[in-house]
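Participant: Sharing a model prediction with you, sequence too.
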Amino acid sequence: MEIEEHVMLFITFIAPVFIASIILYLIRALRGPTIPDMVIAVDAISFDIAVFLAVLAVYFKSPILISCVIVLMLWAYALDIYVAKYLESKDMGG
Amino acid sequence: MISWILVIIGEILIAVGAICDLIAAIGMNRFPNFFVRLHALTVGTIGGAFVPLIGVALLSLGAEFLGVYRFFMAGASIVSAVLLLFLAPVGSHAIARAAHRSKAATVHPKVVDHLEEDRERGVVV
């Protein structure tokens, strides 16, 4: 079997696992009793989507997709810092 | 031959990462309070994001069908994996500290919370 068919078949099996974990994180994000719960759920979702994006970049054979992974990770980090600043001193700062 | 080895190793790492991610997602829903869920977050972030990104890097190195851009993909995914190692711990620590200081998240099944006692005594800011 060619490498390409092997990789494509493998990714079609792995994609539902990533989608299932995104849905489970989403449940925690919507249900989370406190604000920090929602923040870490959204954090985990964005890292998970970033990895799913990297896997899809291989699947769709479009290398430009992989540059969004870095931006998405920085965005998740910025969300953490902003909410942490807001929770501590009640101002977003800057 | 070498490309087959790289592809197989990459796929194993991606599979391990996907399983870690699923376990972390289940853990995130079943853990009692915020501070225990931080463990699920770390499993989901390092095990579920760093490991698959290294897997994608190896996979794209081995996959010739991607053409010459596969080196760009391998490099970008390694850079984002290393970047993740910097960002995830700092972000989760910042939110955990803010949650504890602002009492936004309560320690529900609590035996003893020394940090809270220290904070009341003023030893810790």
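Facilitator: Perfect, thanks for sending it.
Participant: which ones are touching residue 35?
Facilitator: The chain I'm using is chain A. Residues in contact with A:I35 (C-beta atoms under 8 Å, 6 or more residues apart in numbering or on different chains) are A:V83, A:L87, B:A99, B:A104. From N, CA and C alone the C-beta is placed, and that goes for glycine too.
Participant: Switch to chain B, please.
Facilitator: Neighbours of B:F35 in contact, by C-beta under 8 Å, 6+ apart: B:A96, B:A99, B:H100, B:A105, B:V107.
Participant: so who does the first one touch?
Facilitator: The neighbourhood of B:A96, defined by C-beta under 8 Å, 6+ apart, consists of A:P36, B:F34, B:F35, B:L38.
Participant: Tell me the spacing between B:S102 and B:F34.
Facilitator: Distance, B:S102 to B:F34, using C-beta to C-beta, to the nearest Å: 12 Å.
Participant: re the thing from before, just give me the closest of the contacts of B:A96 to B:A24.
Facilitator: B:L38 (11.1 Å; C-beta to C-beta).
Participant: Got the confidence number for the closest one?
Facilitator: With respect to pLDDT, B:L38 scores 91.
Participant: How about B:I5, nearest residue that isn't a chain neighbour?
Facilitator: B:G62 (7.2 Å; C-beta to C-beta, 6 or more residues apart in numbering or on different chains).
Participant: how much space between A:A54 and B:G47?
Facilitator: Taking C-beta to C-beta, one finds A:A54 at 15 Å from B:G47.
Participant: likewise B:G62?
Facilitator: Taking C-beta to C-beta, one finds B:G62 at 22 Å from B:G47.
Participant: Between these two, tell me which one has more neighbours.
Facilitator: The residue with more neighbours, out of B:G62 and B:G47, is B:G62; 22 against 17, by other C-beta atoms under 10 Å in any protein chain shown.
Participant: Pretty sure that one sits against B:L13.
Facilitator: No - counting by C-beta atoms under 8 Å, B:L13 is not a contact partner of B:G62; they are 11.9 Å apart.
Participant: ranges for the strands of chain B?
Facilitator: Read by DSSP state E, chain B holds no strands at all.
Participant: So which residues of it form helices?
Facilitator: Applying DSSP state H to chain B gives helices spanning B:2-30, B:34-42, B:51-62, B:70-101, B:114-121.
Participant: Okay, the residue lying farthest from the centre of chain A and B:V7: tell me how far apart.
Facilitator: What lies farthest from the middle of chain A is A:M1; by C-alpha atoms, centre = their mean that is 32.0 Å. Distance of A:M1 to B:V7, given as C-beta to C-beta: 11 Å.
Participant: One more: B:T106?
Facilitator: 48 Å.
Participant: For B:V123, list the residues it contacts.
Facilitator: Contacts of B:V123 (C-beta under 8 Å, 6+ apart): none.
Participant: for A:I49, that is, sorry about that
Facilitator: Taking C-beta under 8 Å, 6+ apart, one finds A:I22, A:L72 in contact with A:I49.
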